[in-house]
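Colleague: quick one, fold the following:
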Amino acid sequence: MRDTISEEIALKSGLLLTTSESYTILKRRGFADLAIFEGSDEDGMRVRPEDVEELIRNLRYFIGELPDPKHPIATRIELWEDMEKDGVDPHPLIEALKQVASQGRQIITIREFAEEIAAICTIKRPYVDRFAAAISQTMDRSVQWFQVEEIDTSWAIPLGDLFQAENVPSDPETYLDQRYLDFLAQNSEDLRRIHWRNFERLTAEFFRRKGYVIELGPGGDDGGIDIRVWNSGSDVNGPPLLLIQCKRYKDKNDVEIETVKALWTDVRYEGAHRGLIATTSRIAPGGIAVSVARRWPLGFAQHEQVSKWVKQMWRHSVLSNRQ
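Modeller: Numbers count the residues shown, from 1 in each chain. The predicted structure is shown next:
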């Protein structure tokens with residue numbers, strides 16, 4: 001059963017979680033029933049399939065892949081209630097679904113499915129679209145307990161790599177894989193644990209999505225400047241708009257005043273407009289104070305601000321903001 005949970009998470013989200021990682025994430029969020037992760041591999045227990053599906057839905061939500069953990073039936077209940085308020089009988093939708101299912105044709109997209117339903121019944125199209133989306137959600141959030149064919153999860157990436165090594169996405173246009181960004185959007189406390197190079201990539205990705213031209217430094221001994229930023233269309237051979245220094249620190253490690261002074265020196269030397277220190281921790285009060293007192297054009301993105309960056313890059317951020 002533990003393997004089934006890991007495989008289902010990998011299949012749906014693209015993240016490979018160890019049993020220990022799944023347990024830690026669920027326990028952190030206060031998930032009530034963790035008995036399936038406790039005890040030895042030789043122990044047995046009685047478990048209801050719907051309880052395992054609930055666990056998987058919550059785990060998918062906690063790693064940022066789902067916008068919410070609710071049971072898929074809840075979406076259909078909301079639809080039925082709205083139709084009832086509008087005086088619309090939902091039964092034709094059910095009958096149309098039966099007809100489409102009996103035809104045995106493979107329907108790939110929600111739009112195609114909605115077209116099939118709309119061709120059979122005369123219910124208003126917005127309700128048909130919501131119904132098609134609800135059925136698709138039901139299939140996505142349910143576990144296929146008996147797979148006839150072997151499921152390929154080779155496309156999934158280990159969650160542990162986010163913390164242990166630099167992640168270079170297969171897409172050359174991006175700096176950090178979306179699956180890792182989704183996880184961090186829901187687990188901002190883990191920002192302090194990610195590999196230092198992945199924190200630089202996260203910062204670069206945020207500014208790339210804002211439309212800027214990015215130069216990510218090689219890492220290591222690069223003189224302290226991790227990222228250079230230009231406005232779109234600017235001459236990248238000219239002075240940067242922004243110099244960024246990234247500091248992935250633990251909670252109680254402050255970025256000291258010497259780092260602030262060093263960045264100001266680099267800004268002046270390169271003729272940049274501004275400088276920015278991004279950190280998973282915080283800036284020592286003296287560093288901010290001296291920058292303000294001397295009117296240095298420096299900005300500071302501390303843990304709370306970086307957490308907001310990641311939330312903005314979450315795949316469900318638009319839906320989340322609407323809610």
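Colleague: from now on I want contacts and neighbour counts done on CA atoms only, so please keep to that.
Modeller: OK.
Colleague: quick one: the helices in the stretch 201-323 of the chain?
Modeller: In the stretch 201-323 of the chain, the helices defined using DSSP state H, counting those that start in this stretch lie at 257-270, 285-293, 303-313, 317-322.
Colleague: which helix or strand contains the closest residue to Asp129 other than its chain neighbours?
Modeller: Among residues not flanking Asp129 along the chain, Ala114 sits closest, at 5.6 Å (CA to CA, 6 or more residues apart in numbering). Element membership for Ala114, per DSSP states H and E: helix 110-120.
Colleague: contacts for that helix next, please.
Modeller: 93, 96-97, 100, 107, 125, 128-129, 131-133, 136 (CA atoms under 8 Å, 6 or more residues apart in numbering).
Colleague: of those, which pair is most distant in space?
Modeller: Pairwise distances across the contacts of helix 110-120 (CA to CA) peak at 18.3 Å, for the pair Ile107 and Arg125.
Colleague: give me the low-pLDDT residue ranges for the stretch 101-250 of the chain?
Modeller: For the stretch 101-250 of the chain, applying pLDDT under 70 flags the ranges 104-108, 145-152, 221-223.
Colleague: list the residues that contact the closest residue to Trp155 other than its chain neighbours.
Modeller: Spatially, and ignoring its direct neighbours in sequence, Trp155 is nearest to Gly14 (6.5 Å; CA to CA, 6+ apart). By CA under 8 Å, 6+ apart, Gly14 lies in contact with 153, 155-157, 179.
Colleague: filter these down to the buried ones, PyMOL style.
Modeller: The following PyMOL line selects those of the contacts of Gly14 that are buried, judged by 16 or more other CA atoms under 10 Å:
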select buried, resi 153+156+157+179
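Colleague: before we move on, back to that, in CSV, list the contacts of helix 110-120 along with secondary structure, neighbour count and distance to Arg248.
Modeller: Listed next are these as CSV, based on DSSP: H, G, I helix; E, B strand; the rest coil; neighbours: other CA atoms under 10 Å; distance: CA to CA, whole Å:
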residue, secondary structure, neighbour count, distance to Arg248
Leu93, helix, 20, 53
Ala96, helix, 17, 55
Leu97, helix, 20, 52
Val100, helix, 17, 53
Ile107, coil, 13, 46
Arg125, helix, 14, 50
Val128, helix, 22, 48
Asp129, helix, 17, 45
Phe131, helix, 24, 45
Ala132, helix, 25, 44
Ala133, helix, 19, 40
Ser136, helix, 15, 40
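Colleague: list just the nearest of the residues you listed to Val290.
Modeller: So of the contacts of helix 110-120, ranked by how close each gets to Val290 (CA to CA), first place is Ala133, at 54.8 Å.
Colleague: grab the nearest non-local neighbour of the closest one.
Modeller: Per CA to CA, 6+ apart, closest to Ala133 is Ile110, 6.3 Å.
Colleague: do you know how far the one you found is from Asp140?
Modeller: Distance from Ile110 to Asp140, counting by CA to CA, to the nearest Å: 12 Å.
Colleague: neighbour count: these two, which is higher?
Modeller: Between Ile110 and Asp140, Ile110 has the larger neighbour count (other CA atoms under 10 Å), namely 18 against 13.
Colleague: measure the more buried one to Ser20 for me?
Modeller: For Ile110 relative to Ser20 (CA to CA), the value is 35 Å.
Colleague: can you give me the strands for the stretch 1-150 of the chain?
Modeller: 15-16 (DSSP state E, counting those that start in this stretch).
Colleague: before we move on, what about the stretch 151-300 of the chain?
Modeller: Remark: strands assigned in the stretch 151-300 of the chain by DSSP E, counting those that start in this stretch are 157-158, 213-216, 227-230, 242-247, 254-255, 274-279, 282-283, 298-301.
Colleague: other SSEs contacting the second one?
Modeller: Read it as strand 213-216. helix 196-209, strand 227-230 (3 or more CA pairs under 8 Å, 6 or more residues apart in numbering; DSSP states H and E).
Colleague: residues touching Ile225, list them.
Modeller: 217, 243-245, 263, 266.
Colleague: most neighbours, which of these?
Modeller: Busiest of the contacts of Ile225 [other CA under 10 Å] is Leu243, holding 27 neighbours.
Colleague: show me the contacts for that one.
Modeller: 225-229, 267, 272, 274-276.
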